[in-house]
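> Provided below for reference: sequence and predicted model.
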Amino acid sequence: MEKNDVVKSVQGNGSFEFPKGSGKILYKYEVQMENGDVGEYNSVSENQSNFVQGHKVDYIFDTSNSKFPKIKPVYNFKASPSRDGNFKNVQKAQRGDDVQKMIVKQSCLKAAAECIKRDDAEAIILLAEVFVNWVMNTEYKAVKREKKETTDLPF
């Protein structure tokens, strides 16, 4: 069941190898929420940061094993700091948006270079900017550029 509450306490509770013989260590934590939920959280990190005392978090409370209930974080990569106080998720989301924009810019630059088929970096970049604006903002703004007079005729 998905819930949202403030972490009352987090206490390390040992570690174990999983699966046995793999060399992968999981660290156990006992997490208590202000609403009374208490469960075990297993993390690959010795210094986990998903459950921090005093922070409000989204979590899954799994009581399928009533003797050993589990608490797991809900990963909200688009979370806002006002909702859960966790600025780390916001930074991840912003970093993801920047990466996405770079991917769009790279593919638009490649498409512009293929369209123009000549050694004119300025024309390629101007056309790539038109493509990026259209992809990222769904707006088309034609870029007017001055024609250069050349005396080099191709024939």
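Received, thanks. Residues are numbered from 1 along each chain as shown.

> P19: how many residues sit nearby?
When counting by other CB atoms under 10 Å, one arrives at 7 neighbours for P19. Every C-beta, even on glycine, is put in place using the N, C-alpha and C of the backbone.

> from K28, how far out is it?
16 Å (CB to CB, to the nearest Å).

> S64 too?
18 Å.

> can you pick out the residue with more neighbours from the two?
K28 (14 against 7).

> which phi and psi does the more buried one have?
Main-chain dihedrals, K28, degrees, to the nearest 10: phi -100, psi 140.

> what's around W134, how many residues?
13.

> sorry, slip of the keys, the one I care about is M1.
M1 - counted by other CB under 10 Å - has 8 other residues nearby.

> with C108 instead?
By other CB under 10 Å, 20 other residues sit near C108.

> thinking it is in contact with M136, fair?
No. Judged on CB atoms under 8 Å, C108 makes no contact with M136 at a distance of 9.2 Å.

> sheet partners, orientation included, of the helix or strand that contains F61?
Using DSSP states H and E, F61 sits within strand 56-62. Paired neighbours of strand 56-62 in the sheet (DSSP bridges): strand 2-17 (antiparallel), strand 70-73 (antiparallel).
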